[in-house]
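> Sequence plus predicted model, see below.
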Amino acid sequence: MISYIKGPITFKSPTYIVVETGGIGYRINISLNTYTSIEKAEQVKILTHFHVKEDSQTLYGFAEAAERNLFRHLISVSGIGPSTAQTLLSSMTPEEARAAIIGENVAAFKTVKGIGPKTAKRVILDLKDKLIKDGGDMPTVITASGNTLREEALSALLALQVNKVQAQKVLTKILKEQPNLKKVEDLIRLALRQLN
């Protein structure tokens, strides 16, 4: 119904903002992830999801389409409401959440308030195939030559007891910034530097 709202931010907190447009102030609930993206902004164009229940109508806002898409996927899972989805997106970035779901990493969800092991398994079961279909196996597409490099670096980092989700995130970031990287040891070194 409301795709986005554009205008000056008249109030800002880590959980919600008020955006004024056409003389109306819209209260929009946000995740910490979105708050970090718009923290210094005075004007905003925020993507929204309009959630209607019997007793309330609530706007949820997102700095990026990827976060909004993941939010919509999450609230489609039985037992996950908008506030739990928002909490999850405040505890992890959309990339980390995607990687945890696709990688079937139940342990990654234990830091999220309101999501126990059973709910985490349900989220993974319901969303893994949808997320792979939506955007491929990994959050970003890497050239064929980069894949073996990435896989070797990932297995080396896992052997060094690095968290899989963090390792995937860092490797994706490095390969995006330095697509011409050729040596696996250089990639591992850069990843370890960023992880420390």
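Okay, I see it.
> mind giving me the domain split of this structure?
Domains of the chain are assigned by automatic domain parsing as 4-62, 65-135, 144-195.
> Name the stretch among those that sits most buried.
domain 65-135 (a mean of 18; mean count of other C-beta atoms under 10 Å). C-beta here means a position set from N, CA and C on the backbone, and glycine is covered the same way.
> average pLDDT across that one?
The average pLDDT within domain 65-135 is 90.
> What is the distance between it and the centre of its chain?
Centre-to-centre, domain 65-135 and its host chain are 9 Å apart (C-alpha atoms, centre = their mean, to the nearest Å).
> remind me, longest helix of this protein?
Secondary structure of the chain per DSSP state H: the longest helix is helix 117-135.
> got a list of contacts for that helix?
By C-beta atoms under 8 Å, 6 or more residues apart in numbering, the residues outside helix 117-135 that reach it are 69-70, 73-74, 76-80, 98, 100-102, 104, 106, 108-110, 115.
> Among those residues, which lie within helices?
Reading helices off the contacts of helix 117-135 with DSSP H, I get 69, 70, 73, 74, 98, 100, 101, 102.
> quick one on the thing from earlier: past the longest helix of the chain, which element shows up next along the chain?
Where DSSP states H and E defines the elements, the next helix or strand beyond helix 117-135 is helix 144-159.
> Now the two most distant members of the ones in helices among the contacts of helix 117-135.
69 and 100 (15.8 Å; C-beta to C-beta).
> okay, which residue is most central for this structure?
Closest residue to the average C-alpha location of the chain: residue 94 at 0.7 Å, with C-alpha atoms, centre = their mean.
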